[in-house]
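# Model the structure of this input:
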Amino acid sequence: MSDTRPSLTTRLLPELALFPNEQQRQLALSAARKDVFKKPGRLLTALAWLIGVSVVVGVAAALLQRLFGMRAAWLAGVIAGPAGSVGSIVVGNLIFRVPIQRHLREQLNALNVHVCLHCGYQLKGNTSGRCPECGRDIESA
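Below is the predicted model of the structure:
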C-alpha cells in the first residue's frame, strides 16, 4: 500500500503541483530559492526579527520573575519556548515562503498556467480581469 499524500514542500508550496512535471517543479523551486536567498537583506531581517522576539520574551520572563519571585521562573520557560517557536514560524513564512510562492506563481504564468500572483488561485478561463478568490486585479506576468 503506497502513501499518496503530498510532501511537506508541496503542502507548503501548493504552486509546485501545478507544474507539468517533476523536473520543471525542481527547476522552478531551485530558481525561486536562489532568487529569494540572494537578496542580502532577507537573512539579516530574519535574524533581527528572531533576536527581537528573543529579547521581548526575555524581558517578559524577567518581569514575571521580578514580580512573582522564583515561583514564576518555570512560567517564564513555558512562555519563552512557544513564543520563540511562533516567532520563528511567522518570520520564516513572511520573509522566505511568501516571496518563494510569488516567484513560483510568476514562473507558472510564464508557462501559460495562469494563477493569481497574490493568492495563487487558478485563473484558467477567467475573462473578468479580477481574481474571483481575492478580488484583486489580475496582474500581467
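
# What mean pLDDT does the helix or strand containing Gln23 get?
According to DSSP states H and E, Gln23 maps onto helix 22-37. Throughout helix 22-37, pLDDT has a mean value of 89.

# Just the buried positions in it, please.
In terms of neighbour count (16 or more other CB atoms under 10 Å), helix 22-37 has its buried residues at 25, 28-29, 32, 36. Where C-beta positions appear, they are placed from N, C-alpha and C, glycine not excepted.

# Just give me the closest of these to Ala62.
Taking CB to CB as the measure, Val36 is the one of the buried residues of helix 22-37 closest to Ala62, at 35.7 Å.

# Excluding residues flanking it in the chain, which one is nearest that closest one?
Distances taken as CB to CB, 6 or more residues apart in numbering place Pro99 nearest to Val36, at 4.7 Å, with adjacent residues excluded.

# Can you tell me which of the buried residues of helix 22-37 is nearest Trp49?
Val36 (15.8 Å).

# Make sure that closest one is actually in contact with Arg42.
Yes - in this structure, Val36 sits in contact with Arg42. The criterion is CB atoms under 8 Å, and the distance is 6.7 Å.

# joint contacts of the two?
Both Val36 and Arg42 are contacted by 96, 99, under the criterion CB atoms under 8 Å, 6 or more residues apart in numbering.

# Please export the C-alpha coordinates of the helix holding Gln23 as PDB.
Taking Å, rounded to 0.1, in the frame of the first residue of the first chain, the C-alpha atoms of helix 22-37 are listed here in PDB:
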ATOM      1  CA  GLU A  22       8.800  16.800 -11.600                       C
ATOM      2  CA  GLN A  23      11.800  18.200 -13.500                       C
ATOM      3  CA  GLN A  24      10.100  21.600 -14.000                       C
ATOM      4  CA  ARG A  25       9.000  21.500 -10.400                       C
ATOM      5  CA  GLN A  26      12.500  21.100  -9.200                       C
ATOM      6  CA  LEU A  27      13.900  23.700 -11.500                       C
ATOM      7  CA  ALA A  28      11.300  26.200 -10.600                       C
ATOM      8  CA  LEU A  29      11.800  25.700  -6.900                       C
ATOM      9  CA  SER A  30      15.600  25.900  -7.200                       C
ATOM     10  CA  ALA A  31      15.300  29.200  -9.200                       C
ATOM     11  CA  ALA A  32      12.800  30.600  -6.700                       C
ATOM     12  CA  ARG A  33      15.100  29.700  -3.700                       C
ATOM     13  CA  LYS A  34      18.100  31.200  -5.400                       C
ATOM     14  CA  ASP A  35      16.200  34.400  -6.200                       C
ATOM     15  CA  VAL A  36      14.900  34.800  -2.600                       C
ATOM     16  CA  PHE A  37      18.100  33.900  -0.800                       C
END
